[in-house]
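Visitor: Got a predicted model here, sequence first, then my questions.
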Amino acid sequence: MKVEKEQALRVHRQRFGREGRCFAAPARVNLIGEHTDYTGGFVMPMAIDFQTVAVVSARADGRAVFYSANYDEESGFEIGSLTRQPGGGWSDYPAGVLWSLREEGVAVGGFNMSLAGNVPLGAGLSSSASVEVATAMALLGHARVVLPLEKVATLCRRAENEYVGAKSGIMDQFAVAGCVANRAMLLDCRSLEYDLLPLPDEVRVVICNSMVKHSVATGGYGDRSDEVMAGQAVLRQEKGIELLRDATLEDLEACKGKMTAASFARCKHIITENGRVLEAREALLKGDLERFGVLMVEAHASMRDDFEASCPEVDTLVEIAMRQAGCFGARITGGGFGGCTVNVVGAERAEEFVEAVRREYAAATGIADAQCFVCEPSDGALALLAKGGAE
Ligand code: GLA
């Protein structure tokens, strides 16, 4: 499901009358480790075969002009006068990356950029990180600057946190920039060290979209993050524990009286989830798919009951999935409050699984157009660039 490169170059030529250079970034799905990233914990995402493509060409007047093929809209301004003034639309994401690059000291001359993508929006598959990283790769290419993975990811996160105003962690930008085909990434969100774990040939990763829209920039994500941070602050004050990632359930229990019931439950999810991610890593390395699946189902229950970030439709999707032959595990993926489930399914059963889940979900909820698909563990933006030049 790559965006057609020739088509993207043609759109750029028609719009701006110039040849551009083409850069791409994928989407991601998270196998396990939800809401652990912004408290220094562990996550296990992989890049998937949806893409944002950014085509860039130079212009002489010192302006930045972004064109979104998806929205058929243009947004332009003097680069020198760019301040942190989000307007609330799609262009905040690329403009935020430009702002962040400039904060980083990267000199970016005038440019045209056309963006096109096929990442489902509001599905918890990181459409925003995909746009951010594609933009960053194109602007770095334009500025003839090379930055390491950590820098690309952190500056894109900064764009989202400080320019767009969403409280997200580092997982999405890091995965979208740094994943490698046929591997899941085990990322330590404190040190940014990571392992690339092979995915067993005998399974497929299937994504099912509940079609209930989710957004990181608005809604429950920010509330949950506030509740988590309040709990973490208590642990810091009472126990000297800097990040939730270092807390045990006993530490949390000892602080129970000092925090709200909501903060307690959210922190409990995070502490148990970090344990599950590390166990899932071992299970994957041993090829123990049964255990991996059990951990996914436990992770879903924890997101539903302790983190309270699922919704009835997504719970239904997980229940339907777990009734299917060949399904090892299923859980909500991404920020929550809608979006997709991620499912690990025996390779020979995957197509059957897709059909059955779609049919049973429609019967249970009346939502007949749910997208379910077998996805491809794909290259992140840096690997794409390394393999294809300015691709
Ligand atoms: C969103 C955020 C990530 C992460 C997940 C939940 O995708 O952008 O940083 O917090 O939600 O795991």
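Guide: That came through fine.
Visitor: so how many other residues sit close to the residue of the stretch 201-350 of the chain found nearest the ligand?
Guide: Using Cβ to the nearest ligand atom, the closest approach of the stretch 201-350 of the chain to the ligand is made by Gly335 at 3.4 Å. Bear in mind the C-beta positions are built from the backbone N, C-alpha and C, glycine included. Other residues near Gly335 number 27, with proximity taken as other Cβ atoms under 10 Å.
Visitor: Please apply the same query to the one 3 residues further on.
Guide: If you count neighbours by other Cβ under 10 Å, Gly338 ends up with 24.
Visitor: touching the ligand at all, stretch 46-57?
Guide: No: interface with the ligand: stretch 46-57 contributes nothing (Cβ under 6 Å from any ligand atom), its closest point being 13.5 Å away.
Visitor: Measure how far that stretch is from the centre of its chain, please.
Guide: 13 Å (Cα atoms, centre = their mean, to the nearest Å).
Visitor: now do stretch 237-248
Guide: From the chain centre to the centre of stretch 237-248 is a distance of 26 Å (Cα atoms, centre = their mean).
Visitor: Format the CA atom coordinates belonging to it as PDB.
Guide: Taking C-alpha atoms only, stretch 237-248 is exported to PDB below (Å, rounded to 0.1, in the frame of the first residue of the first chain):
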ATOM      1  CA  GLN A 237       7.700  12.700  46.300                       C
ATOM      2  CA  GLU A 238       7.000   9.800  48.500                       C
ATOM      3  CA  LYS A 239       9.600   7.300  47.200                       C
ATOM      4  CA  GLY A 240      12.100   9.300  45.200                       C
ATOM      5  CA  ILE A 241      11.100   7.300  42.100                       C
ATOM      6  CA  GLU A 242      11.800   9.600  39.100                       C
ATOM      7  CA  LEU A 243       9.900   7.600  36.400                       C
ATOM      8  CA  LEU A 244       7.000   5.100  36.700                       C
ATOM      9  CA  ARG A 245       9.200   2.700  34.800                       C
ATOM     10  CA  ASP A 246      11.200   2.100  38.000                       C
ATOM     11  CA  ALA A 247       8.200   1.600  40.300                       C
ATOM     12  CA  THR A 248       6.900  -1.700  41.500                       C
END
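Visitor: just to revisit the earlier point, now the residue of the stretch 201-350 of the chain closest to the ligand: how far from Val3?
Guide: Distance, Gly335 to Val3, by Cβ to Cβ, to the nearest Å: 24 Å.
Visitor: and if you look at Cys179?
Guide: 18 Å.
Visitor: ok, for Ser127, nearest residue in space, not its chain neighbours?
Guide: Counting by Cβ to Cβ, 6 or more residues apart in numbering, Ser127 lies nearest to Val119, which is 4.1 Å off, once chain neighbours are set aside.
Visitor: Regarding Val294, what are the backbone dihedral angles?
Guide: When read as degrees, to the nearest 10, the backbone of Val294 gives phi -60, psi -40.
Visitor: List the residues that contact it.
Guide: With contact set as Cβ atoms under 8 Å, 6 or more residues apart in numbering, Val294 has these partners: Gly329.
Visitor: So Gly141 sits against Arg21, correct?
Guide: Yes: applying Cβ atoms under 8 Å as the test, Gly141 and Arg21 come out as touching, 5.9 Å apart.
Visitor: Check the secondary structure at the residue of the stretch 201-350 of the chain closest to the ligand for me.
Guide: coil (DSSP: H, G, I helix; E, B strand; the rest coil).
Visitor: Do I have it right that it meets Tyr221?
Guide: Yes: judged on Cβ under 8 Å, Gly335 makes contact with Tyr221 at a distance of 4.8 Å.
Visitor: what about the residue of the stretch 1-150 of the chain found nearest the ligand, how many neighbours?
Guide: The stretch 1-150 of the chain approaches the ligand most closely through Glu34 (4.0 Å), counting by Cβ to the nearest ligand atom. Using other Cβ under 10 Å, Glu34 has 28 other residues around it.
Visitor: a helix runs through it, doesn't it?
Guide: No: assessed with three-state DSSP, Glu34 is coil; it does not lie in a helix.
Visitor: Which pLDDT does the model give the closest residue in space to it that isn't next to it in sequence?
Guide: Nearest residue to Glu34, sequence neighbours excluded (Cβ to Cβ, 6+ apart): Met303, at 5.7 Å. Listed pLDDT for Met303 reads 98.
Visitor: Output the strand ranked longest in the chain as CSV, nothing but the C-alphas.
Guide: Criterion DSSP state E: the longest strand present in the chain is strand 42-58. Provided in CSV are the C-alpha atoms of strand 42-58 (Å, rounded to 0.1, in the frame of the first residue of the first chain):
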residue,chain,number,x,y,z
PHE,A,42,9.0,-0.1,27.2
VAL,A,43,7.0,-0.5,23.9
MET,A,44,7.0,-3.0,21.0
PRO,A,45,5.9,-1.3,17.8
MET,A,46,6.6,-2.2,14.2
ALA,A,47,6.3,-0.1,11.0
ILE,A,48,3.4,-1.1,8.6
ASP,A,49,2.8,-0.6,4.9
PHE,A,50,0.9,2.6,4.8
GLN,A,51,2.8,5.7,3.9
THR,A,52,3.1,9.4,3.8
VAL,A,53,5.1,10.8,0.9
ALA,A,54,6.7,14.3,1.0
VAL,A,55,8.0,15.8,-2.2
VAL,A,56,10.2,18.8,-1.8
SER,A,57,11.7,21.4,-4.2
ALA,A,58,13.6,24.7,-3.6
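Visitor: Alpha carbons only: can I get the next helix or strand after that strand in PDB?
Guide: The first helix or strand that comes after strand 42-58 along the chain, using DSSP states H and E, is strand 63-68. This file holds the C-alpha atoms of strand 63-68, laid out as PDB (Å, rounded to 0.1, in the frame of the first residue of the first chain):
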ATOM      1  CA  ARG A  63       8.900  31.000   1.900                       C
ATOM      2  CA  ALA A  64       7.700  27.600   3.000                       C
ATOM      3  CA  VAL A  65       4.700  26.400   1.000                       C
ATOM      4  CA  PHE A  66       3.000  23.100   2.000                       C
ATOM      5  CA  TYR A  67       0.400  21.500  -0.200                       C
ATOM      6  CA  SER A  68      -1.700  18.600   1.100                       C
END
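Visitor: Sounds good, over and out.
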